[in-house]
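>>> Sequence below, structure please.
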Amino acid sequence: MPKKIFLLIVIAICAGVLAYNAVVLVRWYIDNKNIVAETADVEENTESAEVDEEGELVNPPDEPESDYWYYIRLPFTDVNIAELKTINSDTVGFLSVAGTNINYPVVQTTNNEYYLNRTFKRQQNSAGWVFMDYRNQADFTDSNTVIYGHSRLNGTMFSTLKNILKSTWVNNKDNYVVRYSSESENLLFQVFSVYTVPVESYYIQTKFSSTSSYMQWLNTMIGRSQHNFGTTVNEQDKVLTLSTCGNTDDKRIVMHAKLLKKMRKS
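I've put the predicted structure just below:
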């Protein structure tokens, strides 16, 4: 091949790569701008309040010195889910994670793909939205309920879930709390495990064939934790799992929390 033709081909390839990257950057910029605007709009239309009630205790431990007794004194977050459902009928609840920017309505549909690239208002966007695993019952009756969200560079969705791996987050025990509000209940969870893991399906298992398999799963999740929370779990506990991408696509940042108390909405 003549040298001149070879150089023209190389130049054409480089130009094509640059053009593709430019398109990707423009789309990324537009998606970020749109998701920030929609997040602000959804937040403005979210009616929430703290509710300082004891509620119904869930699987209290025998140990009087357990942190369980500290966390159950914390208030619930009560959100008007019915109002959010007028915007998106797929809404099943509202999630708040202490020590992060995670305060979002949670949606659920018949698969785990739709909201990877759809916003709360069902608009196409690479930021996606915060969604519950389609295999779960939305009332947290499963042993493990899983909620996903993308990790966005602009701080939206589950971007700040990475905070749970930092010493500044771990050193404040008031961060070990997750609040969830559904249409019928308000729930309070206590964190017991945080870690990164290669992509796999074990940690997002939602149902278990036996008590022993569930206990094995719980012990595995505790064993993976990068911090010893000193929290006991057993087969009667209901677990909430949060999952997002790590620094690379082959890693996941994971949080597990157990249900401490709940209150029925009137």
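>>> mind showing which ranges of the chain have poor pLDDT?
Applying pLDDT under 70 to the chain picks out residues 1-29.
>>> change it to 80
Filtered on pLDDT under 80, the chain yields the residue ranges 1-29, 32, 246-249, 266.
>>> That one: strands as residue ranges?
48-51, 56-57, 76-79, 91-97, 103-107, 131-132, 144-148, 177-181, 185-198, 239-245, 251-264 (DSSP state E).
>>> Among those, which comes closest to residue 170?
Residue 170 lies closest to strand 185-198 among those, at 7.9 Å (C-beta to C-beta). C-beta coordinates here come from the backbone N, C-alpha and C atoms, glycine included.
>>> Against which helices or strands is the closest one packed?
For strand 185-198, the elements it packs on are helix 68-71, strand 76-79, strand 177-181, helix 211-224, strand 251-264, judged by 3 or more C-beta pairs under 8 Å, 6 or more residues apart in numbering; DSSP states H and E.
>>> Run the angle between the last one and strand 177-181 for me.
Think strand 251-264. 60 degrees (axes from the mean of the first three to the mean of the last three C-alpha atoms, to 10 degrees).
>>> now do the same end-to-end measure for stretch 140-153.
30 Å (C-alpha to C-alpha, to the nearest Å).
>>> So what's the gap between that stretch and the chain middle?
4 Å (C-alpha atoms, centre = their mean, to the nearest Å).
>>> Stretch 118-128 too?
On C-alpha atoms, centre = their mean, the centre of stretch 118-128 falls 16 Å from the chain's centre.
>>> Now do that stretch: everything it contacts.
With contact meaning C-beta atoms under 8 Å, 6 or more residues apart in numbering, stretch 118-128 is reached by 27-28, 31-32, 34-35, 38, 42, 87-88, 104-105, 107, 115-117, 129, 149-150, 152, 156-157.
>>> next one: stretch 218-232
With contact meaning C-beta under 8 Å, 6+ apart, stretch 218-232 is reached by 61, 63, 66-67, 165, 170, 176, 190-197, 202-203, 233-235, 237, 239, 254, 256, 258.
>>> what bridges to residue 48?
Residue 48 has these beta-bridge partners by DSSP bridges: residue 79.
>>> Need the strands of the chain in TSV (columns: distance to residue 210 and mean neighbour count).
Output for these, formatted as TSV (distance: least, C-beta to C-beta, whole Å; neighbours: other C-beta atoms under 10 Å):
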stretch	distance to residue 210	mean neighbour count
strand 48-51	37	13
strand 56-57	26	12
strand 76-79	33	22
strand 91-97	28	23
strand 103-107	29	23
strand 131-132	24	25
strand 144-148	14	24
strand 177-181	27	24
strand 185-198	21	22
strand 239-245	16	22
strand 251-264	19	21
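>>> would you turn the ones you listed into CSV with distance to residue 124?
Shown next, in CSV, are the strands of the chain (distance: least, C-beta to C-beta, whole Å):
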stretch, distance to residue 124
strand 48-51, 28
strand 56-57, 41
strand 76-79, 26
strand 91-97, 19
strand 103-107, 15
strand 131-132, 15
strand 144-148, 18
strand 177-181, 27
strand 185-198, 29
strand 239-245, 19
strand 251-264, 24
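>>> Pull the contacting residues for residue 262.
By C-beta under 8 Å, 6+ apart, the neighbours of residue 262 are 55-56, 58, 185-188.
>>> ugh, typo on my part, it should be residue 260
Residue 260 sits next to 57-58, 68, 71-72, 188-190 when contact means C-beta under 8 Å, 6+ apart.
>>> Hmm, residue 58 is touching residue 238, no?
Yes. With contact defined as C-beta atoms under 8 Å, residue 58 reaches residue 238; the gap is 7.0 Å.
>>> Right, I'll call it a day here.
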